[in-house]
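**Q** Provide a 3D model corresponding to the input given below.
(one chain, ligands or ions: 2)
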Amino acid sequence: MTILWSFGSVPLRQYLDVQQFDDDLRTAQRAPKKTIIMASAFMRSRFSLTSAVVKARPSPTPKIPFRPFPLKFVANMGHNVPKLNDQSLLISQAFVNGEFVDAASSETFEVHDPSSGKKISTCPEFNKQDTENAIAAAEEALKSWRKKLPRERATLLRKWYDEMQKNAADIATLITWENGKPLTDAKGEAQYAANFFLWFSEEAAHQHGDVVPSSVPGNRVHVIKQPVGVCGLITPWNFPAAMITRKIAPALAAGCTVVAKSPGETPFTANALAELSRRAGIPKGVVNIVTAMKNTAEVGETLTTDPRIKKISFTGSTNVGKLLMKQAAGTMKKVSWELGGNAPFIVFDDCADLDAAVAGAIACKFRSSGQTCVCANRIYVQESIYDKFVEKFAEKVKNFKVGYGFDDGVTHGPVIHDRAIGKVEAHVKDAEKKGGKVLVGGQKLPDLGPNFYAPTVIRDVTKDMQVARDETFGPLAALFKFKTEKEVVELANNTEVGLAGYFYSSNVNRIYRVAEALEVGMVGVNTGLISDAASPFGGVKESGFGREGSKYGIDEYSIIKSITIGGIENDLQG
Ligand SMILES: NC(=O)c1ccc[n+]([C@@H]2O[C@H](COP(=O)([O-])OP(=O)(O)OC[C@H]3O[C@@H](n4cnc5c(N)ncnc54)[C@H](O)[C@@H]3O)[C@@H](O)[C@H]2O)c1
Ligand SMILES: O=CCCC(=O)O
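**A** Ligands and ions are numbered 1, 2, ... in the order given. This next block holds a predicted model:
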């Protein structure tokens, strides 16, 4: 075993240079002090440390609470951002009435790369008046957009999809840069996001109405679908492209125009999408993107109270959703809310393949470093397979490569900001205090950057712990043990929210029973990944209501109108 002495604040990434490593090792051995790092196998490559085991040397005031975390990681290479193929897609303005504009006040806010903390660029700090200008543009554009033939709208959406395909690499680069997720995931998101344009370009032309048999003699009743009007869309940072396209695509397909408030943390992907909408030929004013950070609440209030806006769709936390719902009630807007979750992930002992269940749980839990609303938050494993599952699960997590999203081989990036780190830390501390055992991770990784937290696995988690009640929204896997089907379904449903739920079983009876009993809007059976433009996405209970994607998604942006024609005589004339 190699023993490497590092000095408290010297970051590991300095050891990318092997000669430097040797020199420092010798220096450190002459001054044995502070942190001890023991590497069971230190790969003398310029890029990676493998299976590092970090331990605290007895010290009265350790800098960070060290505990064993056998975890592979890729040291970052100084956070170089690959250049965009098309530099004009990095846009530091908002998009109103077909033009990129600044705030009237010229005020801006800074946006930072969550991996390095370095500034990417700035965006306009919009206020009420700026937002009202965007609403006016959308209202004006509505007059002609709603009258376009559905087939014309379909063609334009399809062109926007094509633009996204052409520029997929740049969209992925922007996503990784501002959100931190690994480039492979960002490429997946770019495709997922584009799929909403493809899907709703097809739906646009199939907004069928109905002919209703009337119960009144001489009446004929027709049902038509019409656009609800100007829509206010508010989206979060965890999917900078897909959350916004999942709302814009059905809105435009239905004949609505939009004012979308992009997330302050990740506005550049949305701006690139706006530019692509221009290139696709979407008329001016149909899509408007407003940006704000400090003024987020002011912009949100403007969108939710302005009478010209007829529909609000929000994705984000339940608390903000409740506030926006109160604000929108004043003008009785049509609303849909995609809010927080606390997804149960259940592994029954009759699951056909334990390795598949482990892989499904890993994919579900650690996608976007645990920052998706459908991530498993509580992993319940039946007692007879608990120890085996835990062992396999922890082993997989140890092999993660945490690091900068642009570096080769990185599987997991940072979380979005220090508040997100704070929540993971609080959940870990609380679980440990109450008897949970940390098997992997359990601490920040400051050597990688300001927002890195080690993917963490805790066993022996119980229902009195904070993580059982509250969505972590970060890289913490909490492993609970259960005995019976009835018990676990009760535990799974014992929460105010109900977005997604998952389970693994090969028993057909159980599959129907449990899927029907789970109080959620989406169930994954023998899979940990359920997101698909073709599938309805949304929750029940305090996870909100409304469905996005799928054939149902367009209904959120449509109104149903009945037309009754009276006085039709039944008998033929003459
Ligand atoms: N159901 C879903 O599809 C979904 C998706 C992503 C995130 N979420 C939920 O969001 C939470 C994590 O994200 P967060 O902490 O950034 O959520 P958040 O609710 O604080 O913020 C979400 C977005 O809402 C905007 N926002 C915040 N306050 C606002 C206000 N007063 N008026 C208008 N807009 C406002 C912000 O711009 C932000 O981008 C988690 O609970 C997660 O489950 C849900
Ligand atoms: O985080 C919310 C959305 C996640 C998804 O669409 O899969």
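
**Q** which residues in the stretch 101-250 of the chain form helices?
**A** Along the stretch 101-250 of the chain, the stretches classed as helices by DSSP state H, counting those that start in this stretch are 128-145, 150-166, 168-179, 183-204, 242-254.

**Q** closest to ligand 1 out of those helices?
**A** If you check each of the helices of the stretch 101-250 of the chain against ligand 1 by C-beta to the nearest ligand atom, helix 242-254 wins as the nearest, at 6.3 Å. The way it works is simple: take the backbone N, C-alpha and C, and place the C-beta from them, glycine included.

**Q** contact partners of the following helix or strand past the closest one?
**A** The C-terminal neighbour of helix 242-254 among helices and strands, as given by DSSP states H and E, is strand 257-261. Identification of contacts with strand 257-261 by C-beta atoms under 8 Å, 6 or more residues apart in numbering yields 131, 134-135, 138-139, 141-142, 145, 230-235, 244, 247-248, 251-252, 270, 285-292, 296, 299-300, 303, 309.

**Q** Residues of the stretch 451-574 of the chain that sit close to ligand 1?
**A** Glu471, Phe473, Leu499 (C-beta under 6 Å from any ligand atom).

**Q** top of these by neighbour count?
**A** Within those, Leu499 tops the neighbour count with 28 neighbours, counted by other C-beta atoms under 10 Å.

**Q** residues contacting it?
**A** Leu499 neighbours (C-beta under 8 Å, 6+ apart): 338-343, 373-374, 520-522, 538-539, 543.

**Q** Which members of those are positioned in strands?
**A** The strands, defined by DSSP state E, take in Glu338, Ala343, Met522 from the contacts of Leu499.

**Q** if I look at the first one, how far off is ligand 2?
**A** If you measure Glu338 against ligand 2 using C-beta to the nearest ligand atom, to the nearest Å, the figure is 7 Å.

**Q** cool, the second one as well?
**A** Applying C-beta to the nearest ligand atom, the value for Ala343 to ligand 2 is 11 Å.

**Q** ok, that residue touching Gly498?
**A** No: at 9.2 Å, Ala343 does not count as touching Gly498 under the criterion of C-beta atoms under 8 Å.

**Q** Give me the common contacts of the two.
**A** Joint contacts of Ala343 and Gly498 (C-beta under 8 Å, 6+ apart) are Val520.

**Q** In terms of neighbours, single out the busier of the two.
**A** Ala343 (29 against 23).

**Q** Provide the partner residues of the closest residue to the more buried one other than its chain neighbours in its beta bridges.
**A** Closest residue to Ala343 apart from its sequence neighbours, by C-beta to C-beta, 6 or more residues apart in numbering: Ala500 at 4.6 Å. Beta-bridge partners recorded for Ala500 (DSSP bridges): Met522.

**Q** I'd say Ala500 and Gly528 touch.
**A** No: using C-beta under 8 Å, Ala500 is not in contact with Gly528, being 9.8 Å away.

**Q** got a pLDDT number for Thr83?
**A** For residue 83 the amino acid is Lys, not Thr. The model reports Lys83 with a pLDDT of 89.

**Q** Look up phi and psi at it.
**A** phi -70, psi 150 (degrees, to the nearest 10).

**Q** separation between it and Asp170?
**A** 9 Å (C-beta to C-beta, to the nearest Å).

**Q** what about these two, which has more around it?
**A** Counted by other C-beta under 10 Å, Lys83 and Asp170 do not tie: Asp170 has more neighbours, with 23 against 10.

**Q** my guess is that one meets Thr269, correct?
**A** No: applying C-beta under 8 Å as the test, Asp170 and Thr269 come out as separate, 9.7 Å apart.

**Q** Spit out the residues that contact those two alike.
**A** With C-beta under 8 Å, 6+ apart, Asp170 and Thr269 have no common neighbours.

**Q** about what we covered before: filter the contacts of strand 257-261 down to the ones close to ligand 2.
**A** With C-beta under 6 Å from any ligand atom as the criterion, the contacts of strand 257-261 include none near ligand 2.
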